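Novice: Kindly return the folded structure for what I paste below:
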Amino acid sequence: MRAILDVVLLLLNLYWWIVIIAIIFSWLFAFNVINSGNQFVAMVSRALYQMTEPVFQWFRRFLKPIGGLDLAPLAVLIGIFFIQRVILYYIYPSVF
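Specialist: Numbers count the residues shown, from 1 in each chain. Now for the predicted structure:
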């Protein structure tokens, strides 16, 4: 059972970093730091969009953008942190 929890924690940690990369990538894209016409950039952008947007959309139903600021990525990061802490503090110690 601990192996399953370790895999879940690893996947949550991986998704945490994917969200962070998507946030940084969107800033770079918005401020025209990266070339949007580059094929590699377009491929990375599409991959990040497909990995993060379904979760972001779910949070956007409840959190509307405030002054053009999208709070969905922040809510996803807080949600991941909360799930990790619940697993580490409550579920993991009770599994022998």
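
Novice: quick one: the residue most central in space within the chain from Gln84, how far?
Specialist: In the chain, the C-alpha nearest the mean C-alpha coordinate belongs to Val19, at 2.9 Å (C-alpha atoms, centre = their mean). Separation of Val19 from Gln84 (C-beta to C-beta, to the nearest Å): 13 Å. All C-beta atoms are positioned from the backbone trio N, CA, C, and that covers glycine.

Novice: Please tell me I have it right and Val41 contacts Ile34.
Specialist: Yes. In this structure, Val41 is within contact of Ile34 by C-beta atoms under 8 Å, at 5.3 Å.

Novice: was I right about His92 contacting Val8?
Specialist: Not quite, residue 92 is Tyr, not His. No. Applying C-beta under 8 Å, one finds Tyr92 not in contact with Val8, separated by 10.0 Å.

Novice: Nearest residue to Leu48 in space, please, no chain neighbours.
Specialist: Ala22 (4.4 Å; C-beta to C-beta, 6 or more residues apart in numbering).

Novice: next SSE after the longest helix anywhere in the chain?
Specialist: Scanning the chain for the helix with the most residues, using DSSP state H, yields helix 2-30. Next in sequence after helix 2-30, counting helices and strands by DSSP states H and E, comes helix 39-60.
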